[in-house]
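S.K.: 3D model of this:
(chains A and B)
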Amino acid sequence: MKRFECLQAIAPLIDKELFVTTAGGATAEWNALRPSDGNIQVKTLGLCSSIGLGLAIALPQRKVFIFDGDGALWMNLGSLATIGLHQPKNLIHICWDNQQYESSGGEPTVATAGKIDFAGVARNAGIQSSTAATTVDELQQAVSHALSHDGPHFVWARIEAGRAEAPPLRYDELENKYRFIRYIEDSEGINILRVPMPASYLQK
Amino acid sequence: MGTVAAAQQILAGLKEAGIDLVSSVPDINMLQLINLLYQDKDIAHVPVGREEEGIGVCTGAHLGGKKTAMLMQNGGLLNSCNGLTTTALQFGVPILLLIYYAGDIGDNAFHMVGLVTEPVLQGLGIKYVVLRDPAKVKQDIGGAVVLANSSKRPVALLLTRAVL
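M.R.: Got it, this is the predicted structure:
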């Protein structure tokens, strides 16, 4: 299955969920299909799972998706243990495994040799709702199940290599962050970026 | 191991500064503080396995409205450099870095880590204060959090054994 077909299949299931997407092809494809200020792109390879965990802990009332990759997850495999330890019910972690570092030119990852079972690793790290998907239907069912049940959830999406035509993201990381935070402030009715009053206003 | 009284003072300083989520990797000198964090009801405590994960957790928590701190040894600061650079600094994320200063003057462990700690912080462009006076701990925590929020950057406090 192709990643873009999977993304097309899950986009109709999505409403107000938040998306933390890895440095890689999934980010551009997802933003083309579902442009939203509730999407934040990650720049540090491997860190999307940790950033998603922090977001899920801060906003337990919101569902948080992580779009990871096989190379990125290899770099931060310990984050599965940390997610398994903290058990965020609202976290849905999808690893798009194309068995290569696609954004770096297609070099092999740990997944290329076919020995690692990411869903098994996640389950044994304490993420009980952990499954593998090799068809678009299986993937859609796994996401549908994750949206209607408490997590944490992990989905090992075994995809073909290759990227769909998708335009680059319109925003740099700062603009992406500000838009994301303003979206959270507005949708949650909270103040995150507090701007202090000028000193003269604080005098009598 | 530190004293309970010193740990209580640091915890009180964090609360006064509005910190409500702390991620951590332990050091023996911060044992009392970590023990307090495990018991505390006001601050969400998120232990992680490696310090760079904690930079990610603090970043995600900030996006969701938390005021965060990362508690670690200076060896962990070195483990975190890419996350600090390409996530915390590049996205402009305020995080209070509470770092035990191993290899400082008078400390007989990890002298090489102690040697490179301040140059690394300088190289990253992360402002820092070395805490040596217990009487100033609360004030410096408050000041570091103000600067982290106004500059939207991590700010570091290097904790020596004198304040723990």
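
S.K.: who touches the residue most central in space within chain B in this structure?
M.R.: Nearest to the mean C-alpha position of chain B, counting by C-alpha atoms, centre = their mean, stands B:L98 at 1.5 Å. B:L98 sits next to B:10, B:22, B:69-72, B:157, B:159 when contact means C-beta atoms under 8 Å, 6 or more residues apart in numbering or on different chains. Using the backbone N, CA and C atoms, a C-beta is placed for each residue, glycine as well.

S.K.: A:G106: neighbouring residues, count only.
M.R.: For A:G106, the number of neighbouring residues by other C-beta atoms under 10 Å in any protein chain shown comes to 12.

S.K.: How many residues are close by the closest residue to it other than its chain neighbours?
M.R.: On the basis of C-beta to C-beta, 6 or more residues apart in numbering or on different chains, the spatially nearest residue to A:G106 that is not a chain neighbour turns out to be A:Q100, at 4.9 Å. The tally of other residues near A:Q100 (other C-beta under 10 Å) stands at 18.

S.K.: Same check on the one 4 residues further on?
M.R.: For A:S104, the number of neighbouring residues by other C-beta under 10 Å comes to 11.

S.K.: I'd like to know how far the closest residue in space to it that isn't next to it in sequence sits from chain B.
M.R.: For A:S104, ignoring the flanking residues on the chain, the nearest one in space by C-beta to C-beta, 6+ apart is A:G71 at 7.5 Å. In this structure, A:G71 and chain B are 15 Å apart, going by C-beta to the nearest C-beta, to the nearest Å.

S.K.: Let me know the average pLDDT across the helix or strand harbouring A:G71.
M.R.: The secondary structure element spanning A:G71 is helix A:70-75 (assigned by DSSP states H and E). The predicted model assigns helix A:70-75 a mean pLDDT of 97.

S.K.: Now do that helix: distance to the chain's middle.
M.R.: 13 Å (C-alpha atoms, centre = their mean, to the nearest Å).

S.K.: same check, this time on stretch B:143-151
M.R.: On the basis of C-alpha atoms, centre = their mean, stretch B:143-151 is displaced by 13 Å from the centre of the chain it belongs to.

S.K.: got the contact list for it?
M.R.: Contacts of stretch B:143-151 with the rest of the structure, by C-beta under 8 Å, 6+ apart, involve A:194, A:196, B:17-19, B:67, B:94-96, B:127, B:129, B:154-157.

S.K.: Just list the residues touching the spatially closest residue to A:P88 that is not a sequence neighbour, thanks.
M.R.: The spatially closest residue to A:P88, leaving aside those adjacent along the chain, is A:A56, at 4.1 Å (C-beta to C-beta, 6+ apart). With contacts taken as C-beta under 8 Å, 6+ apart, A:A56 has the following neighbours: A:62, A:64, A:88, A:90-91, B:60.

S.K.: which of the contacts of stretch B:143-151 lies closest to A:D150?
M.R.: Distance to A:D150, by C-beta to C-beta, is smallest for B:K67 among these, at 27.2 Å.

S.K.: picking up where we left off before, next one: the residue nearest to the centre of chain B from B:I10, what distance?
M.R.: Here B:L98 is placed at a distance of 8 Å from B:I10 (C-beta to C-beta, to the nearest Å).

S.K.: Quickly list what's touching both of the two.
M.R.: Between them, B:L98 and B:I10 have B:L159 as joint contacts when contacts are counted by C-beta under 8 Å, 6+ apart.

S.K.: Closest to the centroid, which residue in chain A?
M.R.: Nearest to the geometric centre of chain A sits A:I66, at 1.7 Å (C-alpha atoms, centre = their mean).

S.K.: Compare the contacts of B:L98 and tell me which is most surrounded.
M.R.: The most crowded member of those is B:M70, carrying 31 neighbours; neighbours defined as other C-beta under 10 Å.

S.K.: Please report phi then psi for that one.
M.R.: Backbone torsions for B:M70, taken as degrees, to the nearest 10, come to phi -120, psi 120.

S.K.: Kindly report the same for A:I94.
M.R.: Main-chain dihedrals, A:I94, degrees, to the nearest 10: phi -110, psi 130.

S.K.: So which bits of the helix or strand of chain A with the lowest mean pLDDT are buried?
M.R.: One helix or strand of chain A scores below all others by mean pLDDT, DSSP states H and E: helix A:25-33, with a mean of 93. The neighbour-count criterion (16 or more other C-beta atoms under 10 Å in any protein chain shown) identifies A:25-32 as the buried residues of helix A:25-33.

S.K.: Buried ones in the one helix or strand B:L147 maps to, by neighbour count?
M.R.: Here B:L147 sits within helix B:137-151, counting by DSSP H and E. Going by neighbour count (16+ other C-beta under 10 Å), the buried part of helix B:137-151 is B:137-138, B:140-141, B:144-145, B:148-149.

S.K.: With stretch A:134-149 instead?
M.R.: Counting neighbours by 16+ other C-beta under 10 Å, one finds that the buried residues in stretch A:134-149 are A:136, A:138-140, A:142-143, A:146-147.

S.K.: By residue count, what's the longest helix in chain A?
M.R.: Counting residues, the longest helix in chain A under DSSP state H turns out to be helix A:173-188.

S.K.: still on that earlier bit, grab the nearest non-local neighbour of the residue nearest to the centre of chain B.
M.R.: The spatially closest residue to B:L98, leaving aside those adjacent along the chain, is B:L71, at 4.7 Å (C-beta to C-beta, 6+ apart).
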